[in-house]
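**Student:** Let's see this in three dimensions:
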Amino acid sequence: MTPELTALTLAALLQVIQFGIYSISAQKQVGTKYAASPRDEPRQLTGFAGRAQRAMNNHFEGLILFSIAVFVVTYADQASGVTAACAMLYLIARILYFPAYLFGWTPWRSAIWAVGFLATTIMLLAALL
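**Tutor:** Numbering: from 1, shown residues only. Coordinates of the predicted model:
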């Protein structure tokens, strides 16, 4: 497996972990009965559960672009040391982003996000060159 595909696989597993943390914290906040219901009346999550939800959703958004970058690099046979480094940088940034969001590490949360976004952008540009 290429380094880019390995990073993508690990990023997907990170999303699974984030979903678990979000799900557990949300259920603690809203209760089991509401969590199992059709949720016709939405509830706004706050505190840790709300931050876990927003961090998870942010990773879904970032994962879409990163997946595109990995697929383009892989299928266009444009993998290189640069794309491998960017893929690992993205993964490290996303690993750090989750606790940064959960615990309110400002301004570091935004800086960490920017590193991951820049790494993805460089991979996309590298695929075109």
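**Student:** where does this protein have its least confident helix or strand?
**Tutor:** helix 32-36 (a mean of 69; mean pLDDT, DSSP states H and E).
**Student:** Next secondary structure after it?
**Tutor:** Proceeding C-terminally, helix 32-36 gives way to helix 47-75 as the next helix or strand, assigned by DSSP states H and E.
**Student:** buried stuff in that following helix?
**Tutor:** For helix 47-75, a neighbour-count test (16 or more other Cβ atoms under 10 Å) marks 48-49, 51-53, 55-56, 58-59, 62-63, 65-66, 69-70, 72-74 as buried. (Each C-beta comes from the backbone N, C-alpha and C, glycine too.)
**Student:** and that helix, what's its mean pLDDT?
**Tutor:** What helix 47-75 shows for mean pLDDT is 96.
**Student:** so how far is R43 from the residue of the chain most remote from its centre?
**Tutor:** Distance from the centre of the chain peaks at K33, with 28.8 Å (Cα atoms, centre = their mean). Distance from K33 to R43, counting by Cβ to Cβ, to the nearest Å: 12 Å.
**Student:** Neighbours of A100, how many?
**Tutor:** By other Cβ atoms under 10 Å, the residues close to A100 number 20.
**Student:** Quick check, it in contact with P107.
**Tutor:** No: the pair A100 / P107 is not scored as a contact, 9.8 Å apart, by Cβ atoms under 8 Å.
**Student:** Assign T106 to helix, strand or coil.
**Tutor:** coil (DSSP: H, G, I helix; E, B strand; the rest coil).
**Student:** Please tell me how far it sits from P3.
**Tutor:** T106 is 31 Å from P3, by Cβ to Cβ.
**Student:** Quick check on T46: phi, psi?
**Tutor:** Main-chain torsions, T46, degrees, to the nearest 10: phi -130, psi 170.
**Student:** Tell me the secondary structure at A79.
**Tutor:** A79 is classified as coil under three-state DSSP.
**Student:** Next, count neighbours for it.
**Tutor:** For A79, the count of nearby residues is 19 (other Cβ under 10 Å).
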